[in-house]
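A.B. asks: Sequence first, predicted coordinates after that:
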Amino acid sequence: VRYQQSPSIKLYIIVLIIFALGLLAKPMLVTLPFVLVLLDYWQFQRKITQGKPLSDEWGGELRFFKKSFYNKIPLIILSILSSIITYIVQQQGGATKAASVSFPDRVANAIISYGQYFRKTVLPTDLSIFYPHPSNNIPSYQIGIVVTVLILFTVITLKLRSRQPSLIVGWFWYLGTLVPVIGFIQVGLQGMADRYMYIPMVGLSIMIAWSVPTFFRTRQMQKYRNAKSSRILERQPKCIRACTIGDSRKLCGSQ
């Protein structure tokens, strides 16, 4: 936050050191550069909302993402190095060999896991210490349903990104921070794990915490405007009648 307020090389080095220490403690922090880009985008959209809208919306956003990406390159390099080291350690430890799952089955499980994580966050039932990998036992229709829902949510958040930037930030936070643990690279015998959700869940919480109050505030404002409009409309006939009577009296007096 302090770096965003007053950028400097000194503060950036401090950010790099803290990020490196965080990666040593928990490699799942590899998605932090991606999260920081999302937070930058949120602030970018808020400035647009409060100020003058962009004449070329897509062009302005593209220029923003390019600038934000260049700013995060040192952090991205650290993330890539941490990912390579983590994979080598897991491979030498035999964790990747323990579960010989084909890549199509891993992709299918990753898609279903996105849906399951979302469902268990909203409705936390059927929780377990261990979720065995379903391998090739996933029905195709379930994959189709989850893919449809994911695409639908993505399209909605993209459409509402100007009015409700918290939706797109929270949604892509959820999708992006799950990538390292979603199972594209299978480690262990589990298909999913509840412990992986403590960071992605923040994204879903952002969607709820910022969009729901805004929705109700908008509805209240709309009700207030409608009530005000109805009161004005109710008074209009009386005003018209009074003006008509006054005008007729003036006309009679002049005659």
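C.D. replies: That came through fine.
A.B. asks: From now on I want contacts and neighbour counts done on CA atoms only, so please keep to that.
C.D. replies: OK.
A.B. asks: mind checking how far the residue nearest to Thr121 when sequence neighbours are not counted is from Met207?
C.D. replies: Closest residue to Thr121 apart from its sequence neighbours, by C-alpha to C-alpha, 6 or more residues apart in numbering: Met201 at 7.3 Å. Per C-alpha to C-alpha, to the nearest Å, Met201 is found 10 Å from Met207.
A.B. asks: what residues are shared contacts of the two?
C.D. replies: Residues touching both Met201 and Met207 (C-alpha atoms under 8 Å, 6 or more residues apart in numbering): none.
A.B. asks: Quick check: the residue nearest to Thr121 is in a helix.
C.D. replies: Yes. Looking at Met201 with DSSP: H, G, I helix; E, B strand; the rest coil, it is inside a helix.
A.B. asks: what's the neighbour count on it?
C.D. replies: Neighbourhood size, Met201 [other C-alpha atoms under 10 Å]: 19.
A.B. asks: if I look at it, how far off is Gly170?
C.D. replies: Per C-alpha to C-alpha, Met201 is found 9 Å from Gly170.
A.B. asks: And for Thr148?
C.D. replies: 19 Å.
A.B. asks: neighbour-wise, which of the two wins?
C.D. replies: Gly170 (27 against 12).
A.B. asks: Could I get the contacting residues of the more buried one?
C.D. replies: By C-alpha under 8 Å, 6+ apart, the neighbours of Gly170 are 202-207.
A.B. asks: What average pLDDT does the host helix or strand of it get?
C.D. replies: Element membership for Gly170 (DSSP states H and E) is helix 165-177. Mean pLDDT, computed over helix 165-177, is 94.
A.B. asks: Kindly report the same for stretch 134-149.
C.D. replies: Mean pLDDT, stretch 134-149: 91.
A.B. asks: Phi, psi for Pro132 please.
C.D. replies: phi -60, psi 150 (degrees, to the nearest 10).
A.B. asks: if I pick the nearest residue to it once chain neighbours are set aside, what's in contact with it?
C.D. replies: Among residues not flanking Pro132 along the chain, Gln190 sits closest, at 4.6 Å (C-alpha to C-alpha, 6+ apart). Residues in contact with Gln190 (C-alpha under 8 Å, 6+ apart) are 130-133.
A.B. asks: Neighbour-wise, give me the winner out of these.
C.D. replies: His133 (19 neighbours).
A.B. asks: does the closest residue to it other than its chain neighbours count as helix, strand or coil?
C.D. replies: With sequence-adjacent residues excluded and distances taken as C-alpha to C-alpha, 6+ apart, His133 is closest to Gly191, at 3.8 Å. Secondary structure state of Gly191, per three-state DSSP, is strand.
A.B. asks: Tell me how far Gly191 lies from Pro165.
C.D. replies: Using C-alpha to C-alpha, Gly191 is found at 32 Å from Pro165.
A.B. asks: More neighbours: those two, which one.
C.D. replies: Taking other C-alpha under 10 Å, Gly191 and Pro165 do not tie; Pro165 has more neighbours (25 against 21).
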